[in-house]
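Visitor: Got a sequence here, can you model it:
(chains A and B)
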Amino acid sequence: MSDSSDEEISQQKWVFYKDRPDWKDVEPIPQDDGEEPVVTIAYSKEFTDVYDYFRGILKTQEKSERALQLTKDAANLNPANYTVWQYRRDIIKALKKDLREELEYIRQTIRKHSKNYQVWHHRKVLVEWLNDGSEELEFTKSILETDDKNYHAWQHRQWAMKTFKLYEGELDYVDSLLQTDIRNNSAWNQRYFVVNNTTGFTDVVLSNEIDYTLNKINIAKENESAWNYLRGLLLHDKEGLSKNQKVVKFCEDLYNSGNRSAFLLALLVDMCDEEITQGSGDVLLARQKGIDLCKELASNYDTIRCKYWEYMANTLEKKGTGTDEACTSSTAN
Amino acid sequence: MATPIKDVVLDENRPKTLLAEKHADFIIKLFHSEDNYEFAITDYLRMSGMYWGLTALDLLHKRDKLLRVDLFDFIKSCQDPESGGISASLNHDPHLLHTLSAVQILCMYDKIDILDIEGVVKYVASLQQPDGSFSGDKWGEIDTRFSFCAVATLSLLKRMDSIDVDKAVKFIETCKNFDGGFGSRPLSESHAGLIYCCLGFLSITNRLDIVDRDTLAWWLCERQLPSGGLNGRPEKLPDVCYSWWVLSSLKLLGRLHWISSTDLENFIMACQDGETGGISDRPGDVADPYHTLFGLAALSLLGYSNIKMVNPTYCMPQEVIDRLGLKPQVLA
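Guide: Numbers count the residues shown, from 1 in each chain, chains lettered A, B, ... in the order given. Presented below is the predicted three-dimensional model:
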């Protein structure tokens, strides 16, 4: 719950705000219910001291150098306190502080607390104020080096790319991430984000992306992310899920080679489903094939989700006979 | 070739039955620990913390064990007279997350009238953006979480008329991904927590029709790992809070039965702390009120006896939602 770091404070000689002569004029305000917290651990005394004085300056709306320093101590003790960050920005504006210096400070803070909403938001506001996103790709990259699925970092990166049109080279970056970890779902999502916001899924792009993805599936066949991306690509295929010859052949070959990845079988089921719905080809054959695959999945290859596969088998069965209630989305209430 | 799966292994000596009494004691103890360091440093999320704790206690049929007279005074004093929004604690800025938590608590206790309701409505409406989305506070962070908070708050107050619902729905629709899931913003990665927020939003606005139902339900089922636990994204570790987010989403889609409830139940039971009480994210970790609530709420959805029925949209006792006459959409 608390990702606050008090390392910096305890490493140097800490002087309580209540003992600092230059803070004598500020009236500290104790925490909410007025009861004096019984403190037993050293750093909690620091916490109480800093926040009593923080509440003090908040009340008088003091915007000064010392108040700015105080917000740094308060944020350091608890970077998730959004009021501290808001007030810090108020001070920065009032004192017309150097935003580049602040950007460097928040860079260091995010490195320590990279899963915290408030620190990322602070950075975003600064970048907006500077109207300069040129450092954001490098910065988020450095965070993703230690946690390549960090949701905040990806969100910030996408925001910067969209706002400042920074798409160049991104597909290469995504590819390098997938070479490190082929199952990185965030990277696969980023691939979709880039293609969608740049070239779009034209026929040529689609064909290239399908080749790319099938290659990756060949390397790791139980990779949910790559299979999902492939399905995402096929949404852009005007012919639908089951008519892309390259994909169909790939799946059939893989199946015939003995592979029984649940994701492969699942795609084959959905291809059968589409064929039955469209009434194209041999519907009866597709139906039987689909049902058999569902049974294989339910009893051997994906037993934990057997209820889902039973449902799919049932759906296919009804579809083939013209009573396809199971696939209409009826709503209750 | 065998594929390494990110998962945990459940210990033979894990708890296997619900330790209801211990969980209630764990929560009650938290509410009587003002002198505790952990309590002091968590004031920035106090309001939500109280919602987690009080809801958990209520689901355990132990609401009466914790009747603090100062609770309602505290909530009332967290409402900012100017903006109408509610903050996590005194001397904090109002935020949509805590505004919803406060409204949820007061609805549970049937005390909503202590608030300046018009103020809350004005605050929520003021956070809607031209594209229909909502920011979490006046600083403008946009996220689908806040769309959920906004409509959950307003529907509990019966004031959905104060925002542009159609535009709000359009924004959520733009956050729908190719895998059927939803992220925090358009084209952001699908994430089970955010999927819950978007489905909850669509349930309240009666627009679950825009969801690719079975595509999404299948993606949600894929979150179940061999340990029985659920993760929030592919290739991530299981975590009890996703038991709630994935399960409530499946419930809203009418597909709860698609995952293995026995395996999930075993996983949640294994995350209980047999000594202190409370539930943690994974077996052996430190328990907290957040995971305690979401673990209990998930067990409730699985039909566990001795836990009150929870509403999948609001994560509040069903009896409260019934009392308010609310009927959020659930697909059959």
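Visitor: So, low pLDDT: which residues of chain B?
Guide: Segments of chain B classed as low confidence (criterion: pLDDT under 70) are B:1-4, B:33-41, B:67-69.
Visitor: Same check on the stretch 151-300 of chain A?
Guide: Across the stretch 151-300 of chain A, not a single residue meets the criterion (pLDDT under 70).
Visitor: And the residue of it closest to chain B?
Guide: When distances are taken as CB to the nearest CB, the stretch 151-300 of chain A reaches nearest to chain B at residue A:232, 3.1 Å away. Glycine gets a C-beta too; all of them are placed from N, C-alpha and C.
Visitor: Okay, and that residue sits in which element?
Guide: When elements are defined using DSSP states H and E, residue A:232 is found to belong to helix A:224-234.
Visitor: Return the residues of the stretch 151-300 of chain B in contact with chain A.
Guide: Within the stretch 151-300 of chain B, the positions near chain A by CB under 8 Å from any CB of the partner chain are B:177-179, B:183-185, B:187-191, B:208-209, B:213-214, B:217-219, B:221-222, B:224, B:226, B:233-236, B:254-255, B:257-260, B:263, B:288, B:290.
Visitor: do that again at 6 Å, thanks
Guide: Remark: the part of the stretch 151-300 of chain B in contact with chain A comprises B:178-179, B:184, B:187-189, B:213, B:221, B:224, B:233-235, B:257-258, B:260, B:288, using CB under 6 Å from any CB of the partner chain.
Visitor: For chain A, state which of those residues is nearest.
Guide: Of all these, the one sitting nearest chain A is residue B:178; the distance, using CB to the nearest CB, is 3.1 Å.
Visitor: What is the burial count for the residue of the stretch 151-300 of chain A closest to chain B?
Guide: Counted with other CB atoms under 10 Å in any protein chain shown, the burial measure for residue A:232 works out to 22 neighbours.
Visitor: Now do the contacts for it.
Guide: When contacts are counted by CB atoms under 6 Å, 6 or more residues apart in numbering or on different chains, residue A:232 is found next to A:192, B:178.
Visitor: Among the residues of the stretch 151-300 of chain B next to chain A, name the ones in strands.
Guide: Applying DSSP state E to those, no entry is found in strands.
Visitor: Closest one of those residues to residue A:50?
Guide: Nearest to residue A:50 out of these is residue B:288 (CB to CB; 24.0 Å).
Visitor: give me the number of residues near the closest one?
Guide: Look at residue B:288: counted by other CB under 10 Å, it has 21 neighbours.
Visitor: Same check on residue A:83?
Guide: Residue A:83 is flanked by 24 other residues according to other CB under 10 Å.
Visitor: Checking my notes, it in a strand, right?
Guide: No. Under DSSP: H, G, I helix; E, B strand; the rest coil, residue A:83 falls outside any strand and is assigned helix.
Visitor: what's residue B:240 in contact with, if anything?
Guide: Shown here is residue B:240, whose contacts under the criterion CB under 6 Å, 6+ apart are B:271, B:279, B:281, B:291, B:294-295.
Visitor: Please narrow those residues to those residing in helices.
Guide: Secondary structure from DSSP state H places B:291, B:294-295 of those in helices.
Visitor: Now residue A:264. Nearest residue, chain neighbours left out?
Guide: The shortest distance from residue A:264 to any residue that is not its chain neighbour, by CB to CB, 6 or more residues apart in numbering or on different chains, is 5.7 Å, and that residue is residue A:254.
Visitor: name the element the one you found belongs to?
Guide: Secondary-structure assignment from DSSP H and E places residue A:254 in helix A:245-256.
Visitor: how big is the angle separating the next helix or strand after that helix from helix A:224-234?
Guide: Following helix A:245-256 in sequence order, the next helix or strand is helix A:262-278 (DSSP H and E). Helix A:262-278 and helix A:224-234 are oriented at 20 degrees to each other (axes from the mean of the first three to the mean of the last three CA atoms, to 10 degrees).
Visitor: Residue A:288: what secondary structure?
Guide: At residue A:288, secondary structure determined by three-state DSSP is helix.
Visitor: Phi and psi next, for residue B:230.
Guide: Backbone geometry at residue B:230, expressed as degrees, to the nearest 10, gives phi -120, psi 140.
Visitor: Now do it against chain A, distance only.
Guide: The spacing between residue B:230 and chain A, counted by CB to the nearest CB, to the nearest Å, is 11 Å.
Visitor: any idea which helix or strand carries residue A:107?
Guide: With secondary structure defined by DSSP H and E, residue A:107 is part of helix A:99-112.
Visitor: I'd like the average pLDDT over the following helix or strand past that helix.
Guide: Downstream of helix A:99-112, the first helix or strand assigned by DSSP H and E is helix A:117-130. Throughout helix A:117-130, pLDDT has a mean value of 96.
Visitor: elements contacting the very next helix or strand once past helix A:117-130?
Guide: The element immediately downstream of helix A:117-130 (helix or strand, assigned by DSSP H and E) is helix A:136-144. Secondary-structure packing of helix A:136-144 (3 or more CB pairs under 6 Å, 6 or more residues apart in numbering or on different chains; DSSP states H and E): helix A:151-164.
Visitor: Tell me what angle the helix it packs on forms with helix A:117-130.
Guide: Angle, helix A:151-164 to helix A:117-130, by the same axes, to 10 degrees: 20 degrees.
Visitor: Please enumerate residues in contact with helix A:151-164?
Guide: Around helix A:151-164, the neighbours that count as contacts under CB under 6 Å, 6+ apart are A:120, A:133, A:136, A:140, A:143-144, A:167, A:186, A:193, B:184, B:188.
Visitor: So which of these is the closest to residue B:200?
Guide: Of all those, residue B:184 has the smallest distance to residue B:200: 14.4 Å, by CB to CB.
Visitor: Which positions in the stretch 151-300 of chain A make contact with chain B?
Guide: Going by CB under 6 Å from any CB, the residues of the stretch 151-300 of chain A near chain B are A:155, A:183, A:185-186, A:189, A:193, A:222, A:224-225, A:228, A:232, A:235.
Visitor: Nearest to residue B:64 among those residues?
Guide: Checking these against residue B:64 with CB to CB, the nearest one is residue A:155 at 42.5 Å.
Visitor: Between which two of the contacts of helix A:151-164 is the distance greatest?
Guide: When the contacts of helix A:151-164 are compared pair by pair using CB to CB, the two farthest from each other are A:120 and A:167, 21.0 Å apart.
Visitor: neighbour count winner among these two?
Guide: Neighbour tally, residue A:120 and residue A:167, criterion other CB under 10 Å: the higher count belongs to residue A:120, 25 against 15.
Visitor: From residue A:99, how far off is the residue lying closest to the more buried one once chain neighbours are set aside?
Guide: The shortest distance from residue A:120 to any residue that is not its chain neighbour, by CB to CB, 6+ apart, is 4.6 Å, and that residue is residue A:152. Relative to residue A:99, residue A:152 is positioned 21 Å away (CB to CB, to the nearest Å).
Visitor: Look at residue B:269 and say how many residues are nearby.
Guide: Summarising burial for residue B:269: neighbours were counted as other CB under 10 Å, giving 21.
Visitor: okay but it is in contact with residue B:16, surely?
Guide: Yes. At 5.5 Å, residue B:269 counts as touching residue B:16 under the criterion of CB atoms under 6 Å.
Visitor: show me the contacts for residue 137.
Guide: Unless you meant another one, I'm taking chain A. Applying CB under 6 Å, 6+ apart, the residues contacting residue A:137 are residue A:166.
Visitor: You answered for a different chain; I wanted chain B.
Guide: Per CB under 6 Å, 6+ apart, neighbours of residue B:137: residue B:95.
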